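[1] the sequence isn't on hand, but the structure is:
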């Protein structure tokens, strides 16, 4: 089996949410940044919120490791967000999201970012 691993210095995620309320249920959003290289990767994350504002976060991904970022912890509750990740090294980026809709429907989704 052969796998093609996509690495990029820029990653885009079109959608995500940290909603946690009685109407919408509870959502957990994460960013997983993997650095297969031998040098620290300095990643700059721009969160583009539904109200038009942006927040930024800088994280370091050690060589040959992964850094898992809690979007909920950084942004807080009830935020709809698109995300742009840029790094000074080639990395892999994915966005897992888990949900609990009033204990009726639970699950998750995961997407690889759009890297260019």
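    Structure's in. What do you need? In this text, all values refer to a predicted model and were calculated from it rather than measured experimentally.

[2] quick one: low-confidence ranges for the protein?
    1-3 (pLDDT under 70).

[3] centre-most residue in it?
    In the chain, the centroid-proximal residue (Cα atoms, centre = their mean) is residue 31; its distance is 2.6 Å.

[4] quick one: the strands in the protein, in order.
    Along the chain, the stretches classed as strands by DSSP state E are 8-13, 20-21, 25-35, 41-49, 54-61, 65-70, 81-101, 105-112, 114-115.

[5] and the first one, what does it pack against?
    Strand 8-13 sits against strand 81-101, strand 114-115, with contacts defined as 3 or more Cβ pairs under 8 Å, 6 or more residues apart in numbering; DSSP states H and E. Where you see a C-beta, it was placed from the backbone N, CA and C, and this is true even at glycine.

[6] parallel or antiparallel, which strands does that strand pair with?
    Here strand 8-13 is paired, per DSSP bridges, with strand 81-101 (antiparallel), strand 114-115 (antiparallel).

[7] what pairs with the residue nearest to the centre of the chain across the strands?
    residue 69.

[8] again, but for residue 17
    Bridge pairing for residue 17 - DSSP bridges - gives residue 80.

[9] isn't it right next to residue 83, touching?
    No: between residue 17 and residue 83 there is no contact under Cβ atoms under 8 Å: 11.3 Å.

[10] higher neighbour count, these two?
    The neighbour count for residue 17 versus residue 83, taken as other Cβ atoms under 10 Å, is higher for residue 83 (22 against 19).

[11] didn't that one look like it was pressed against residue 10?
    No: the criterion here is Cβ under 8 Å, and residue 83 misses it with residue 10 at 11.4 Å.

[12] sorry, back to before: show me the one of the strands paired with strand 8-13 that comes nearest residue 44.
    Closest to residue 44 of the strands paired with strand 8-13, according to Cβ to Cβ: strand 81-101, at 5.2 Å.

[13] ok, and for that closest one, which residues are buried?
    81, 83-85, 87, 89, 91-95, 97, 99 (16 or more other Cβ atoms under 10 Å).

[14] tell me which residues touch residue 65, please.
    By Cβ atoms under 8 Å, 6 or more residues apart in numbering, the residues touching residue 65 are 34, 35.
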